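**Q** only geometry, no sequence info:
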């Protein structure tokens, strides 16, 4: 009983930290630009494929697994940043002053474009993500499964989140980002180069998605072009759950969602796995419309 | 005047009946399929237009209501075995209406709590409800679960689909021109102003949502009895997105625009077949370009005939 509980906590944490990393990308872009970057989930997918090809190319020459893992993560992050910035430049920047609905539709369009392009380029069949580090079980007996991959996933995501926290709280860039998300027009008047800050926001969000993609590939080594859809939706749910625009909220939301899913799969049924995320979302929005940590802005005339 | 309208209606029904015979005899079955799919797309687009375009509430869960209509009507005609009546044209029609009614009840249940939310939050909650509805069907073994439901009587032909297109068009047009419709439009334009003029905005939002879900359910029922096979994957998130794209292409709030959007979105993937595998890549590109160069959609808030009228006067 206790073992099963602990096992679900372990699984949930490993899955939840991936959600949290993706959710951070959603929440940061929403905080600055107030729109759902639907393409974020497909940037995640592209990161997984970028890492896949990079790992294939690197693995014959790099023998140290740790070095391989770090270089694949960094490569995937760089690739995602490149894609994210291209999308921002081509599709989102021309619409900066357009109604929000149009930006949303454009984001959906970009998302469909990347998904379908992925199906043409990578093929619709799932590919097997290479195991970058050999799996080792850390806990024997007791009926618990805890391997080094799960530990790596959690450690890498915690490190990235701490780094992000440091950037947002303690650097000049972070202060500017918070200012822009507080009020973009006033920030502009105060001499903050808003376009540059938006570029940085996309850079950070996309790089986190790239890292998350590799961590996902390590734990679930089956990747396909539509991989991002469900993960993206759930990560967005996590972001809303924590209060969208709130960085701490996204991290907490991701972890909570991961745990809730693990418990649902174990105690209810695996087919309800996808429903639980939306069920939680609906409940939280009905009782706390701004999310767990969000602040509700009252519209004034 | 009333007499005239009745005559026009009878003429339209007769015309559809005639065209149905003509098409079934002379048209390539593939072309007829595409034409019927366009009709279903039109109903879907017009119904979503009421919520997204006219009431200004962004819903991303339309496929869920379509799914409710499809599953309920298909259950009546092919799972329950109530009576042979439900195998006939008229019986299937009744089942589709039942599907629409249940879909509108689902719309009421979903709309009542979620329409308190605004903008992106509403979009995400409706998306969530849409997915939950789909996952429920996935878990009900009686309707086939993940395997889907097959052997549904294929009774939706050109006549029935386009009859419903006409019914939807007239119903929504009359709704929009009534005091109800003006109240719904005022919610879109400015909620606070509308509220201070004494309009119960949440009531009108729910009304728009319920009517919209009804017609989405009808579209679903027609779809089920056209394909004669449905599975939960027919009503995924992408289907909702497709419906939104139809509305946006045509112009938010334009009923005739929604019809055109329904046709374009159904037709475009067929036309783009010459590009083979790249067609689904080109399709979203067209959407992005449209948003960049014509953010209002093709017609904006206007109807097609209003465009001509303005030209004539100026």
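**A** Thanks, I have the structure now. Values in this document were obtained by computation on a predicted structure and should not be read as measured data.

**Q** and the residue of chain A at minimum distance from chain B, what does it touch?
**A** Residue nearest to chain B within chain A: residue A:278 (3.4 Å; C-beta to the nearest C-beta). For the C-beta atoms, the positions are set from N, CA and C on the backbone; glycine is no exception. Residues near residue A:278 by C-beta atoms under 8 Å, 6 or more residues apart in numbering or on different chains: A:237, B:127-129, B:131-132.

**Q** cool, residue B:97 as well?
**A** Contacts of residue B:97 were listed using C-beta under 8 Å, 6+ apart, and they are B:218, B:221.

**Q** State the mean pLDDT of the one helix or strand it maps to.
**A** Following DSSP states H and E, one finds residue B:97 within helix B:89-114. The average pLDDT for helix B:89-114 rounds to 90.

**Q** Pull up the residues of the stretch 1-150 of chain A that are close to chain B.
**A** For the stretch 1-150 of chain A, the residues in contact with chain B (C-beta under 8 Å from any C-beta of the partner chain) are A:30, A:34-36, A:91, A:94-95, A:98-102, A:104-106, A:108-113, A:116-117, A:119-120.

**Q** And the helix or strand where residue B:171 lies, what's buried?
**A** Secondary structure from DSSP H and E places residue B:171 in helix B:158-177. Buried residues in helix B:158-177, counted by 16 or more other C-beta atoms under 10 Å in any protein chain shown: B:158-165, B:168-169, B:171-172, B:175-176.

**Q** Next: stretch A:284-294.
**A** Residues of stretch A:284-294 classed as buried: A:284-285, A:290-294 (neighbour count, 16+ other C-beta under 10 Å).

**Q** Would you mind giving the orientation angle of the helix holding residue B:171 with respect to helix B:89-114?
**A** Put simply, helix B:158-177 runs at 40 degrees to helix B:89-114, going by axes from the mean of the first three to the mean of the last three C-alpha atoms, to 10 degrees.

**Q** by contact count, what packs against helix B:158-177?
**A** Packing contacts for helix B:158-177, counted by 3 or more C-beta pairs under 8 Å, 6 or more residues apart in numbering or on different chains; DSSP states H and E, involve helix B:2-26, helix B:29-48, helix B:179-189, helix B:201-227, helix B:255-271.

**Q** what's in contact with it?
**A** Residues from elsewhere that reach helix B:158-177, judged by C-beta under 8 Å, 6+ apart: B:12-13, B:16-17, B:19-20, B:23-24, B:32, B:35-36, B:39-40, B:42-43, B:46-47, B:49-50, B:54, B:89, B:93, B:181, B:184-185, B:211, B:215, B:218-219, B:222, B:226, B:255, B:259.

**Q** redo that, cut-off 7 Å
**A** Residues from elsewhere that reach helix B:158-177, judged by C-beta atoms under 7 Å, 6 or more residues apart in numbering or on different chains: B:12-13, B:16-17, B:19-20, B:23, B:32, B:35-36, B:39-40, B:42-43, B:46-47, B:50, B:54, B:93, B:181, B:211, B:215, B:218, B:222, B:255.

**Q** Also stretch B:5-16?
**A** Counting by C-beta under 7 Å, 6+ apart, B:159, B:162-163, B:166 sit against stretch B:5-16.

**Q** which residues are there in the stretch 101-250 of chain B that come within reach of chain A?
**A** Contacts of the stretch 101-250 of chain B with chain A, taken as C-beta under 7 Å from any C-beta of the partner chain, map to B:113, B:117, B:120-121, B:124-125, B:128-129, B:131-132, B:135, B:138-139, B:192, B:241, B:248.

**Q** Tell me which of these fall in helices.
**A** Using DSSP state H, B:113, B:120-121, B:124-125, B:128-129, B:131-132, B:135, B:138-139, B:192, B:241, B:248 are the members of those that sit in helices.

**Q** Drop anything exposed from these.
**A** B:120-121, B:124-125, B:128-129, B:131-132, B:135, B:138, B:241, B:248.

**Q** okay if I get those as a markdown table plus distance to residue A:250 and pLDDT?
**A** Listed next are these as a markdown table, based on distance: C-beta to C-beta, whole Å; pLDDT from 0 to 100:
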| residue | distance to residue A:250 | pLDDT |
| --- | --- | --- |
| B:120 | 15 | 75 |
| B:121 | 15 | 78 |
| B:124 | 14 | 81 |
| B:125 | 18 | 83 |
| B:128 | 17 | 85 |
| B:129 | 22 | 88 |
| B:131 | 20 | 87 |
| B:132 | 22 | 88 |
| B:135 | 24 | 87 |
| B:138 | 28 | 87 |
| B:241 | 24 | 86 |
| B:248 | 28 | 85 |
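
**Q** what's the closest of those to chain A?
**A** Distance to chain A across those (C-beta to the nearest C-beta) is lowest for residue B:128, with 3.4 Å.

**Q** can you pull the buried residues of the helix holding residue B:97?
**A** Neighbour-count burial for helix B:89-114 [16+ other C-beta under 10 Å]: B:91-107, B:110-111, B:114.

**Q** Quick one: distance of that helix to the chain centre.
**A** 13 Å (C-alpha atoms, centre = their mean, to the nearest Å).

**Q** Stretch A:188-206 now?
**A** Mean-position distance between stretch A:188-206 and its chain equals 19 Å (C-alpha atoms, centre = their mean).

**Q** Could you do stretch B:153-166 as well?
**A** Mean-position distance between stretch B:153-166 and its chain equals 14 Å (C-alpha atoms, centre = their mean).
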